[in-house]
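Novice: Here is the input, now give the coordinates:
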Amino acid sequence: MKATVIQIITTLIIVTTISIAQGKKSDEAIAQEFQTQYKTLLTKIELATTIEQFAEIDNSIDELETKYLSSEEVLNKAFYPNYSFIGKIEKIRRNLEDAKERTISNNLVILGYWIYLPISILLTFWTSKMLFKNGRIFMMDIFHGNEKLALSTNKLFEIGYFLLNVGFALLILEMKHVENTRDLIESLSTKIGGFTIYLGIVFMLNVVLFMRGRKNAMRNKTVNTIQQQ
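Specialist: Down below sits the predicted model:
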C-alpha cells in the first residue's frame, strides 16, 4: 500500500516537472517566434518605399498584435526589463510612421528637383539667347566691324554665360525640410525667385559690359580718326 502511494506521488512529481518544463519551453518558443516576426517587420519598414507597402506593413502589425495579445504576460516576462509587449508594438508603429514621413519628404524633394531644374535651365537658356542675340551689334562696334571676330567672341561669351548660370543653379539645388505640399511650394518659390534675381543681376552686368566695351571702342575710333586728320 505504501509502495503504491509512493509510486503515485513519484509519478505526479515527474508529470508536474515535465509539464513545467514544457510550459517554459512553450513560453520561450512564443517569445522567439514573436521576436522573429518583429525583426522581419522592422526590416520591411526599412525597405519600404511606397504607400501600398506601408499599408501592408500596417496590417501586418495589427495581425501581430492580435495574434500575441493572449500571450502578453508571457512576452512581458521575456522582454523584462527593457520592453513590454505593448512597448514593442508601439516602437514598431513609431518606426513605421517615421519611415512614412521620410518617404513622403523624399518624394516631395525629388518632385521639387524635377520642377526646379527645368525652370532654371530654361530661364538660363532664354536669357542667354536674348542677351547675346541683341549683343551682336555691340560686339560689331567693339571689334570695329570685324563680323567674324565679333560673332565668334559673342558665341564664346554666350556659352560661358550659360555654363556659369547652370552651374550656380545646380550648386543651390539642395532642398531641406520639405514635409508637405506647402513646404514644397514655399521652397520652390524661394529657390526659383532667388535664382531669377541672381540671373537678372548677371544679365544686367553683361549689358553694362557691352555698353562700356562699345563706348571704349567708339572713343578709340574717334581718337584714331582725329590723329589721322
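Novice: how does the protein divide up, domain by domain?
Specialist: Domain ranges of the chain: 2-83, 106-228, per automatic domain parsing.
Novice: ranking these by burial, who's on top?
Specialist: domain 106-228 (a mean of 14; mean count of other C-beta atoms under 10 Å). Backbone N, C-alpha and C define where each C-beta goes, glycine included.
Novice: picking that back up, with respect to the domains of the chain, which exhibits the lowest mean confidence?
Specialist: Looking at these, the lowest mean pLDDT belongs to domain 2-83 (a mean of 74).
Novice: Helices along this structure, start to end?
Specialist: Secondary structure of the chain (DSSP state H): helices at 2-47, 51-68, 72-79, 85-134, 136-142, 147-171, 181-228.
Novice: related to what we said a few turns ago, could I get the domains of the chain as TSV with distance to Arg93?
Specialist: Formatted as TSV, the domains of the chain follow (distance: least, C-beta to C-beta, whole Å):
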stretch	distance to Arg93
domain 2-83	6
domain 106-228	19
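Novice: Among the ones you listed, which comes closest to Ala99?
Specialist: domain 2-83 (5.0 Å; C-beta to C-beta).
Novice: if we can go back for a sec, tell me which of the domains of the chain sits nearest to Lys91.
Specialist: domain 2-83 (7.5 Å).
Novice: chain center to the closest one: distance?
Specialist: On the basis of C-alpha atoms, centre = their mean, to the nearest Å, domain 2-83 sits 39 Å off its chain's mean C-alpha point.
Novice: do the same with stretch 140-153
Specialist: On C-alpha atoms, centre = their mean, the centre of stretch 140-153 falls 48 Å from the chain's centre.
Novice: now stretch 103-123
Specialist: Between the centre of stretch 103-123 and the centre of its host chain there is 10 Å, according to C-alpha atoms, centre = their mean.
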